[in-house]
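>>> mind folding the following:
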Amino acid sequence: MLLKKINSLAALGLALTLAGPAVAVPVYDETTNGDLSNNRATPTSVSFTLGQNDVSGQTGSDSNGTDRDYFTFAVSTGYALVSLTVLNSSLTAGGAAFFGLQAGGVVTVDPAAPTAAPLLGYELISPADIGTDILPALATAAGAGGFTTPLGAGQYSVWLQDTNLAPSIYELRFVISAIPEPGTVLLTLIGIAALGRSRRRHQT
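Okay, the predicted model is just below:
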């Protein structure tokens, strides 16, 4: 009876651990939600939920200056950012947009005197990156603070910009996933081991 209960709990724990992300949700789209902040001291607050969170907008330069996009998001305790995929980029071949990630609710780096040191990571994204998870590249960017993937609980701010003379469209997918409690993982492993022993006994 105890073995059956352990196996049932293990199966549930494994299912929760391996469950795929929820259906994608467009959490922010500049065409419908308005322009993201152009001020690094007051980034737009964007709410992420469990699963796939899509953010889209445009940056670029014109006679009025450079349109940068700054936004901030939070990862709750017990959750983590497990991937950050480029879904779309309208930059022309050879062009790249800057993506910077910093811990906290503001971006402290002055674009007029850029330095990687305060950032957790950065990446130059282009159409060649469409379909690519850039989180590992961000985590190991030269000169930045770096981090271990997945990116755990906390508040983070994003800085996006490019220097094209025409607006460039981007679309990014942030995937938030639950991180199993150590006890759940242990219970799952115990259950799998017990199930294996039970099957071996029945086979002999």
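>>> please make it C-alpha for all contacts and neighbour counts, starting now.
Will do.
>>> so how far is stretch 80-90 off the chain centroid?
7 Å (Cα atoms, centre = their mean, to the nearest Å).
>>> convert the C-alpha atoms of that stretch to CSV, please.
The C-alpha atoms that make up stretch 80-90 are tabulated as CSV, following Å, rounded to 0.1, in the frame of the first residue of the first chain:
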residue,chain,number,x,y,z
ALA,A,80,12.6,30.9,-12.7
LEU,A,81,13.1,32.3,-16.2
VAL,A,82,14.1,29.2,-18.1
SER,A,83,14.4,30.6,-21.6
LEU,A,84,14.4,33.8,-23.6
THR,A,85,13.7,33.2,-27.3
VAL,A,86,13.8,35.7,-30.2
LEU,A,87,10.6,35.2,-32.1
ASN,A,88,11.0,38.0,-34.6
SER,A,89,13.4,40.7,-35.6
SER,A,90,12.9,42.9,-38.7
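>>> where along the chain do the helices fall?
2-18, 30-33, 135-139, 182-203 (DSSP state H).
>>> from Ser157, how far off is Thr108?
Thr108 is 10 Å from Ser157, where distance means Cα to Cα, to the nearest Å.
>>> compare those two (neighbour count), which wins?
Ser157 (25 against 16; other Cα atoms under 10 Å).
>>> isn't that one up against Phe99?
No - if you go by Cα atoms under 8 Å, Ser157 and Phe99 don't touch, sitting 10.6 Å apart.
>>> now stretch 43-63: mean pLDDT?
In this model, stretch 43-63 has an average pLDDT of 94.
>>> could you do stretch 84-91 as well?
Rounded mean pLDDT across stretch 84-91 is 92.
>>> how far off centre is it?
Distance, centroid of stretch 84-91 to centroid of chain: 13 Å (Cα atoms, centre = their mean).
>>> likewise for stretch 30-48?
17 Å.
>>> residues in contact with it?
Defining contact as Cα atoms under 8 Å, 6 or more residues apart in numbering, one finds that stretch 30-48 is touched by 27-28, 56-58, 67-75, 105-108, 157, 159, 176.
>>> what sits closest to Gly145 if chain neighbours are left out?
Leu120 (4.6 Å; Cα to Cα, 6 or more residues apart in numbering).
>>> give me the neighbour count for the one you found.
Using other Cα under 10 Å: Leu120 sits among 21 other residues.
>>> that one touches Phe147, doesn't it?
Yes - using Cα under 8 Å, Leu120 makes contact with Phe147 at a distance of 6.5 Å.
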